[in-house]
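Enquirer: Below is the sequence, then the predicted model.
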Amino acid sequence: MKKAVLAVVAAGAVVAAALVPAGPSVQAATGAAAARSAPRGFGSALSSVQSPSWQTNASVNALAVAGDLVFAGGLFTRIRPPGKARGVGDAARKYFAVFNRTTGAPTRFAPSVNGPVWAVATSPNGRWVVIGGDFTVVDGVPRSRIAMFNVATGKLVAGWDPVVNYRVAALKLTDSTVYLGGSFGAVDKVARGNVAAVSLSTGALLPWDPDADDDVHAIELSTDGARVFVGGGFNEIGGRYSHALAMLNTSDGSAFDMPAAAAIPEQTRACDSRVKDLEVQGNKVFASNAGSGVGCYDGVLAADARTGKLIWQSHCLGATEAIKAIGNWLYKGSHAHDCSADGEFHDKTGMHHLLVYSTLTGKLGPWNPNTDAGGTTLVGPLAFASGGNDLWAGGDFTQVNGVPQEGLTRFTNAPGGAAPARPAAPKVASARPNKVTIAFSPVLDRDNMTLTYFVYRGNTRIGTWSRTSNSWTKPTVTSVTDAGLTSGQKLSYHVEVSDGRNVSKGPPATVKVR
């Protein structure tokens, strides 16, 4: 019989909760108003400028947050400070590491795990963290692909030991239950098809048994706790056909109607599109897909978390591995290369590994940092986590915004953001007496689409304009006329661009007034 293992350590966990306060939630302004009015310098919930954090020597596959701690699991075996090359100032952390959410530095919480970690999740009260993966030993104790730690002490929870016969790749914790998914066939020697539930307090297997016929990659819970959302590569789950995405009853595991699942193409030899991540925010559930085969669905969809009906859908190509909602924004980690089906950037514009959608409309928003794709998977970002005012991103990348940073990075809402690019000198001409025409083109900003442009004659501002641009649409030239000038004057004009906090000043151009 399983022990009632959590009662003994509950008091210590309360101490941890007091020591690691959660960051405040973020409600971001949207659209042009954000760039004009927000003094932070960025238009979505987060800056596109990465904040310092330690890095890893291989991919980070899973992330979770509890208070001021960030838990990372993956294929890495060592970690090192930001800006350092491999082997410089590094420390051993095999497959699992814990970082301070405020500083990005590692903590003393350093369990020993003997195999890759593919999933990490924390309990709603922040007292427990559970990892899943391929491992069989944790801190010298047998643990079969799943293990629980006390966040306060960093110790493995004794006696909490479900035995899973193959990989655990997805986890979700409630106040009483641990939902797990992956590619397993049994838990505690009882048949369970790729998805199961165990008791949070004892680890005992629960009767809940939806029986998915293929891998499960993601699990989420509705806000009211009545429905479990499951994503993966299955075709049957909860007693009915439902490819890649399902909404299940928390009581008996039966499947509810999920009309939004019909937006994901059915599995064929040429196309197998699987849900890789899920996110619930209020009455919405978001699902991200990765498809095998040319042109196979890689997009993101939003559905009503009660009815399962589709709200919006993006059709960008380039597998989407991670999503996270913060305020009115859904951040996405992918290797998107073609969003022309949504009226956005076309193919051959490069890889856009980090993007953001409006949660309201599904349109791409003002956040365009980037990573590369390295390691063995060549994907880029693979996992996200947030404490409400930040975004931690893990993956197989080796650079962030062109700067070396391997496996792990973070973005925050600290004021600043990326500055607008420096504007070019305006084109100036005097074709009519006592008048000068000034023409300027918009510039790009990694975390604003709408910027404010100021045109100066010498030190005198002659006008202000708001213009929207991004890297995938043809820039529109703005032409203005400065009138009432004196013939024969030699005048100098320049353009300045502001994102609400940062100002970039361009070089001057001179003209003689006709």
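Expert: All right, it came through fine. Please read these numbers as outputs of a predicted model, since none were measured by experiment.

Enquirer: all contacts plus neighbour counts: C-alpha atoms, from now on.
Expert: Will do.

Enquirer: Domains in the protein, by residue range?
Expert: The record's domain parsing of the chain by automatic domain parsing lists 7-209+315-412, 427-512.

Enquirer: Quick check: which of these has the most neighbours on average?
Expert: domain 7-209+315-412 (a mean of 21; mean count of other C-alpha atoms under 10 Å).

Enquirer: how far out from the middle of the chain is that domain?
Expert: Distance, stretch centre to chain centre, for domain 7-209+315-412: 9 Å (C-alpha atoms, centre = their mean, to the nearest Å).

Enquirer: Straight-line length of stretch 327-345, end to end?
Expert: End-to-end distance of stretch 327-345: 24 Å, with C-alpha to C-alpha, to the nearest Å as the criterion.

Enquirer: from what I can see Leu180 touches Arg167, true?
Expert: No. In this structure Leu180 lies outside contact range of Arg167 using C-alpha atoms under 8 Å: 10.1 Å.

Enquirer: TSV please, covering the domains of the chain and showing distance to Met258 and mean pLDDT.
Expert: Shown next, in TSV, are those (distance: least, C-alpha to C-alpha, whole Å; pLDDT from 0 to 100):
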stretch	distance to Met258	mean pLDDT
domain 7-209+315-412	18	90
domain 427-512	34	96
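
Enquirer: With distance to Phe256 as extra columns, can I get these in CSV?
Expert: Below are the domains of the chain laid out as CSV (distance: least, C-alpha to C-alpha, whole Å):
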stretch, distance to Phe256
domain 7-209+315-412, 14
domain 427-512, 39
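
Enquirer: out of those domains, which comes closest to Pro259?
Expert: domain 7-209+315-412 (17.4 Å; C-alpha to C-alpha).

Enquirer: Can you show me the helices along the stretch 151-300 of the chain?
Expert: For the stretch 151-300 of the chain, no helices are identified by DSSP state H, counting those that start in this stretch.

Enquirer: Against Gly506, how distant is Phe149?
Expert: Phe149 sits 55 Å away from Gly506, going by C-alpha to C-alpha.

Enquirer: do Gly407 as well
Expert: 36 Å.

Enquirer: same thing with Thr268?
Expert: In this view, Thr268 and Gly506 are 54 Å apart by C-alpha to C-alpha.

Enquirer: again, but for Ala92
Expert: Per C-alpha to C-alpha, Ala92 is found 48 Å from Gly506.

Enquirer: what do you get for Ala105?
Expert: For Ala105 relative to Gly506 (C-alpha to C-alpha), the value is 38 Å.

Enquirer: tell me the contacts of the nearest residue to Lys512 once chain neighbours are set aside?
Expert: In this structure, Lys512 finds its nearest non-sequential neighbour in Lys490, 4.3 Å apart by C-alpha to C-alpha, 6 or more residues apart in numbering. By C-alpha atoms under 8 Å, 6 or more residues apart in numbering, the residues touching Lys490 are 510-513.

Enquirer: Which ones among the residues you listed lie within strands?
Expert: Counting by DSSP state E, those place 510-512 in strands.

Enquirer: need the residues you listed in JSON lines with distance to Arg86, can you?
Expert: Shown next, in JSON lines, are these (distance: C-alpha to C-alpha, whole Å):
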{"residue": "Thr510", "distance to Arg86": "51"}
{"residue": "Val511", "distance to Arg86": "54"}
{"residue": "Lys512", "distance to Arg86": "58"}
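
Enquirer: His352: which of those is nearest?
Expert: Thr510 (38.6 Å).

Enquirer: So for stretch 234-249, what gets flagged as buried?
Expert: 234-238, 242-249 (16 or more other C-alpha atoms under 10 Å).

Enquirer: Inside strands: which ones of those residues?
Expert: 236-237, 245-249.

Enquirer: what's the closest of those to Ala424?
Expert: So of those, ranked by how close each gets to Ala424 (C-alpha to C-alpha), first place is Leu245, at 48.7 Å.

Enquirer: What distance do you get for that closest one to Trp312?
Expert: Taken as C-alpha to C-alpha, the span from Leu245 to Trp312 is 15 Å.

Enquirer: What of Ile237?
Expert: Ile237 sits 24 Å away from Trp312 when distances are taken as C-alpha to C-alpha.

Enquirer: Then Leu180?
Expert: According to C-alpha to C-alpha, Leu180 stands 28 Å off from Trp312.

Enquirer: now swap in Thr452 and tell me
Expert: 31 Å.

Enquirer: And the strands in the stretch 1-150 of the chain?
Expert: 50-51, 55-56, 60-66, 69-74, 78-80, 91-92, 96-100, 117-122, 128-133, 137-138, 141-142, 146-150 (DSSP state E, counting those that start in this stretch).

Enquirer: Contacts for the fifth one next, please.
Expert: By that I understand strand 78-80. 54-57, 86-94.

Enquirer: Using TSV, lay out the residues you listed together with distance to Leu354.
Expert: Shown next, in TSV, are these (distance: C-alpha to C-alpha, whole Å):
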residue	distance to Leu354
Trp54	19
Gln55	18
Thr56	19
Asn57	21
Arg86	24
Gly87	28
Val88	28
Gly89	29
Asp90	27
Ala91	28
Ala92	29
Arg93	26
Lys94	27
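
Enquirer: Could you work out the most separated pair of those?
Expert: With C-alpha to C-alpha as the measure, no two of the contacts of strand 78-80 lie farther apart than Val88 and Lys94, at 16.8 Å.

Enquirer: circling back to that earlier point, using a markdown table, lay out the contacts of Lys490 together with distance to Asn413.
Expert: A markdown table is the format used below for those (distance: C-alpha to C-alpha, whole Å):
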| residue | distance to Asn413 |
| --- | --- |
| Thr510 | 40 |
| Val511 | 43 |
| Lys512 | 46 |
| Val513 | 47 |
